[in-house]
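Undergrad: sharing a model prediction with you, sequence too.
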Amino acid sequence: MKWERGEKRPFKFDDNSTVFEGRFRLLPLEVVEKGSCFRRQSSYIGISYIMGKRIDTEETTIQSIRFNKKLFTEHEARLWWNTNKSRFIFYTKIYLGD
């Protein structure tokens, strides 16, 4: 994944999105403690967050954003992300090569 090379990726619903919700991951699963995840509703209707405890910092943070597809097309979710992305921590790590 691009974030393994310290790059931000453009907004696009993740491949594991469902017919009901579009998903956009901010942190890879490897950095979130297993069993620590829970869903929290956003103050925006139709958006929720999957929260989890980071292994490296032990802080609970947003692991992914979920968009209700009845209320957001991928394009509308991208517009929302572009307006609000400065409020979120997008995971990056230093790529050390092979």
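TA: Nice, I can see it. Note that the structure is a prediction, hence the values are computed from the model and not measured.
Undergrad: this structure: strands as residue ranges?
TA: Ranges of strands in the chain, per DSSP state E, are 21-25, 38-41, 47-53, 60-68.
Undergrad: as TSV, those strands with distance to residue 87, mean pLDDT and mean neighbour count would be great.
TA: (Each C-beta comes from the backbone N, C-alpha and C, glycine too.) Shown next, in TSV, are the strands of the chain (distance: least, Cβ to Cβ, whole Å; pLDDT from 0 to 100; neighbours: other Cβ atoms under 10 Å):
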stretch	distance to residue 87	mean pLDDT	mean neighbour count
strand 21-25	14	95	19
strand 38-41	14	95	11
strand 47-53	11	95	18
strand 60-68	9	94	20
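Undergrad: measure residue 42 to residue 87 for me?
TA: 11 Å (Cβ to Cβ, to the nearest Å).
Undergrad: no wait, residue 26
TA: Distance from residue 26 to residue 87, by Cβ to Cβ: 11 Å.
Undergrad: neighbour count winner among these two?
TA: residue 26 (17 against 7; other Cβ atoms under 10 Å).
Undergrad: can you pull the contacts of that one?
TA: 62, 63, 64, 65, 88, 89, 90, 91 (Cβ atoms under 8 Å, 6 or more residues apart in numbering).
Undergrad: identify the residues contacting the closest residue to the second one other than its chain neighbours.
TA: To tie it back to what came earlier, the one meant is residue 63. Nearest residue to residue 63 in three dimensions, chain neighbours excluded: residue 52, at 4.2 Å (Cβ to Cβ, 6 or more residues apart in numbering). Residue 52 makes contact with 27, 32, 33, 36, 37, 38, 60, 61, 63 under the criterion Cβ under 8 Å, 6+ apart.
Undergrad: and with 7 Å instead?
TA: Residues near residue 52 by Cβ atoms under 7 Å, 6 or more residues apart in numbering: 32, 33, 36, 37, 60, 63.
Undergrad: let's have those residues in JSON lines, adding distance to residue 19.
TA: Output for the contacts of residue 52, formatted as JSON lines (distance: Cβ to Cβ, whole Å):
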{"residue": "32", "distance to residue 19": "25"}
{"residue": "33", "distance to residue 19": "29"}
{"residue": "36", "distance to residue 19": "27"}
{"residue": "37", "distance to residue 19": "22"}
{"residue": "60", "distance to residue 19": "29"}
{"residue": "63", "distance to residue 19": "22"}
